[in-house]
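Chemist: Kindly return the folded structure for what I paste below:
(2 chains)
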Amino acid sequence: DAGITQSPRHKVTETGTPVTLRCHQTENHRYMYWYRQDPGHGLRLIHYSYGVKDTDKGEVSDGYSVSRSKTEDFLLTLESATSSQTSVYFCAISESASGRNEQYFGPGTRLTVT
Amino acid sequence: DQQVKQNSPSLSVQEGRISILNCDYTNSMFDYFLWYKKYPAEGPTFLISISSIKDKNEDGRFTVFLNKSAKHLSLHIVPSQPGDSAVYFCAGFISNFGNEKLTFGTGTRLTIIP
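Modeler: Okay, here's the model as predicted:
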């Protein structure tokens, strides 16, 4: 299994509070991704990174920001959490975006915004 | 705009029979397609992929078929086993620089009946 951990695994927070989710990898892969999974929507890309300090938006980036100061860590921040951000968040990594871009996923973080 | 569609949210199949999961896409630029399998409370795991220049790829019990003219792919699982019960996502990928993103479908929940 690819070495990807996510923390926390579960979090309950109140509307309006900031929340940071962490993804840590031990594979030294260049690409890192944050997705959210919601019923009826599948997996939707929030943000991704193609190197240290290099990030770009995905299809559902509003209300989220990311940072990557080290190869191994990719942080997802909800600046002011809303109930619509209640979801399961997955981090993924890939070594190369050429070829088939096989991505390896972390175990997920279940976030509930009350 | 849902570029990758899985129109069947769920599918039930008898153990030992063939499971066929379908996926349609609209973006003719996709040059790789991937299938992921997801168990509850775990991250998705890569299952099998196919290049757009192929029409079939086989790996053990799993075979993916691609019909480019119909913009349709399918995953066949033969014979189906109880451990195959999971949610299956298909995804498309365009392998050129600057577009390192997978586009996922909404998933199909497969239940294998013993």
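Chemist: thought residue B:55 was touching residue B:66?
Modeler: Yes: between residue B:55 and residue B:66 a contact is recorded at 5.3 Å, counting by C-beta atoms under 8 Å. (C-beta placed from N, C-alpha, C; glycine too.)
Chemist: Looking at these two now, which is surrounded by more residues?
Modeler: Comparing residue B:55 with residue B:66 by neighbour count (other C-beta atoms under 10 Å in any protein chain shown), the higher total belongs to residue B:66, at 21 against 13.
Chemist: show me what contacts that one?
Modeler: Under the criterion of C-beta atoms under 8 Å, 6 or more residues apart in numbering or on different chains, the contact partners of residue B:66 comprise B:33, B:50, B:52, B:54, B:55, B:56, B:72, B:73.
Chemist: Can you go through the residues you listed and name the buried ones?
Modeler: By neighbour count, with 16 or more other C-beta atoms under 10 Å in any protein chain shown, these hold B:33, B:50, B:52, B:73 as buried.
Chemist: Skip ahead from the lowest-mean-pLDDT helix or strand in chain B and say which helix or strand is next.
Modeler: Of all the helices and strands that make up chain B, the one with the lowest confidence by mean pLDDT, DSSP states H and E is strand B:102-104; it has a mean of 91. Next in sequence after strand B:102-104, counting helices and strands by DSSP states H and E, comes strand B:108-113.
Chemist: which strands and helices sit next to that following strand?
Modeler: Using 3 or more C-beta pairs under 8 Å, 6 or more residues apart in numbering or on different chains; DSSP states H and E as the contact criterion, the secondary-structure elements in contact with strand B:108-113 are strand B:10-14, strand B:19-25, strand B:86-93.
Chemist: Given that strand, what are its sheet partners and their directions?
Modeler: In the sheet containing strand B:108-113, its partner strands are strand B:10-14 (parallel), strand B:86-93 (antiparallel), by DSSP bridges.
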